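Provided below are the primary sequence and the corresponding predicted coordinates.
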Amino acid sequence: MPQKWLVGVDLGGTATKLGITDDNGKMIHKWEIPTDVSNEGKNITGQIAYSIQQKLAETGLQKHDVKGIGIGAPGPADPETGVISEAVNLGWKCEYSLKEILEAETSLPVFVDNDANCAALGEMWKGAGSGSKDLVCVTLGTGVGGGIIANGQIVHGKNGAAGEIGHIISVAAGGASCNCGKTGCLETIASATGIVRLAYEQLAAQGQTGQLAGIHSKLGRLSAKDIFDSAKSNDTAAITVIDTVSLHLGIALANIANTLNPEKIIVGGGVSMAGDILLDPLRKYFTMYSFPRVAQSSEVTLATLGNDAGVIGASWLVKNGF
């Protein structure tokens, strides 16, 4: 039987990552396009369809060679209907029939899920979670996302909003405002944006001394990478920030693990690129706040697929007909 190729799409507010994989999840082609969020995001699906058409033409593949398109999008997703209930960063402020629209524009079967769920599936299939059927994936980027897999299946919940780890309340009173409309969410602490906010607060409290303060003084701004780099150089303010982030993230993940007892908790997203400077204190707090038997059986580890996780997970949707 001829090889049927899988197309995976990881739809983001700034960029959209696309890839073509074989039936075993091996990436054959991958590329990226900017996401056009103008006109309330109405150009996005046409842009994706055109890009896929162009790539097929470049590679000599035909539509009949493609089994389907899997796509992960931000926001609660209903995998049965392919509807995204809301994705403000894309301009979709109400229910958006992503499956129906993209199928009409590509004449191919389309399978839809949340982007963090797709990242979790990718790590389960070909990444740090390979061989595991029970895992939690948390993505630390501009925001904080999450995907929960139980017995090899994504947990969606009643209306597709399961796994919103970033909106666990970490600061019950006096917390920072979150984009979701609440205050004190984990996302306001453990996202790249939250880490930078904590750094500004720390510098204001301790005074403008040290490496991190020097970077701020020179550039007039900070990034999460600046903070982790400064911590590696033993900057006091940066170390304090990372300890605070690790504490809150460790408590949140411990509570999730105490509920689910996953085999692995996989930490991905741009912030995870910091490596052991984040992972070591995170593991310390996770162990401290986990039920002892959970701490013994649930491993906290870094994602291994990087930016490919969402694309590979979206391809998994096609392979398995979800």
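Received it, and whenever you're ready, just let me know what you need.

Can I take it that L6 is in a strand?
Yes: with DSSP: H, G, I helix; E, B strand; the rest coil as the criterion, L6 is part of a strand.

Please report the distance of the residue lying closest to G275 once chain neighbours are set aside from T287.
Using Cβ to Cβ, 6 or more residues apart in numbering and skipping the chain neighbours, the partner closest in space to G275 is L302 (7.0 Å). Yep, even glycine has a C-beta here, placed from its N, CA and C like the rest. Taking Cβ to Cβ, to the nearest Å as the measure, L302 falls 16 Å from T287.

can you map out the helices along the stretch 1-150 of the chain?
Here the stretch 1-150 of the chain has its helices, by DSSP state H, counting those that start in this stretch, at 44-59, 98-106, 115-126.

which other helices and strands contact the second one?
Other elements packing on helix 98-106 under the criterion 3 or more Cβ pairs under 8 Å, 6 or more residues apart in numbering; DSSP states H and E are helix 44-59, strand 66-73, strand 83-84, strand 110-114.

Now render these as JSON lines, adding mean neighbour count and distance to V155.
Output for the helices and strands packed on helix 98-106, formatted as JSON lines (neighbours: other Cβ atoms under 10 Å; distance: least, Cβ to Cβ, whole Å):
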{"stretch": "helix 44-59", "mean neighbour count": "17", "distance to V155": "27"}
{"stretch": "strand 66-73", "mean neighbour count": "25", "distance to V155": "15"}
{"stretch": "strand 83-84", "mean neighbour count": "22", "distance to V155": "18"}
{"stretch": "strand 110-114", "mean neighbour count": "27", "distance to V155": "11"}
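
Just want the most central residue of the chain.
Centrality entry for the chain: nearest residue to the mean C-alpha point is T139, 3.8 Å, by Cα atoms, centre = their mean.

What number of residues are in the vicinity of the closest residue to that one other than its chain neighbours?
Spatial nearest neighbour of T139, chain neighbours left out: G269 (3.8 Å); criterion: Cβ to Cβ, 6+ apart. The number of residues packed near G269 is 24, by other Cβ atoms under 10 Å.

could I get the helices and strands packed on helix 98-106 as a markdown table with distance to P292?
Listed next are the helices and strands packed on helix 98-106 as a markdown table, based on distance: least, Cβ to Cβ, whole Å:
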| stretch | distance to P292 |
| --- | --- |
| helix 44-59 | 47 |
| strand 66-73 | 35 |
| strand 83-84 | 40 |
| strand 110-114 | 32 |
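
where in the stretch 1-150 of the chain is pLDDT low?
Scanning the stretch 1-150 of the chain for pLDDT under 70 picks out the ranges 1-2.

show me where the stretch 201-322 of the chain has strands.
264-268, 299-302 (DSSP state E, counting those that start in this stretch).

CA atoms only for the last one, dumped as CSV, please.
If I follow you right, that is strand 299-302. Backbone C-alpha positions of strand 299-302 (Å, rounded to 0.1, in the frame of the first residue of the first chain) are rendered in CSV as follows:
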residue,chain,number,x,y,z
GLU,A,299,9.3,12.0,36.9
VAL,A,300,9.7,15.7,36.1
THR,A,301,11.7,16.0,32.8
LEU,A,302,12.3,18.4,30.0
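
counting contacts, what elements does that strand pack onto?
strand 264-268, helix 276-289.

tell me the angle of the last one relative to strand 264-268?
Put simply, helix 276-289 runs at 150 degrees to strand 264-268, going by axes from the mean of the first three to the mean of the last three Cα atoms, to 10 degrees.

mean confidence score for helix 276-289?
For helix 276-289, the mean pLDDT works out to 98.

Go ahead and confirm A274 touches S223.
No: using Cβ atoms under 8 Å, A274 is not in contact with S223, being 11.4 Å away.

the more surrounded of the two?
The residue with more neighbours, out of A274 and S223, is A274; 22 against 14, by other Cβ under 10 Å.

Got phi/psi on the residue nearest to T139?
The phi/psi pair for G269 (degrees, to the nearest 10) reads phi 90, psi 170.

surely it meets G147?
No: assessed by Cβ under 8 Å, G269 is found out of contact with G147, at 11.6 Å.

what about R197, distance to T16?
Between R197 and T16 the distance is 28 Å, computed by Cβ to Cβ.
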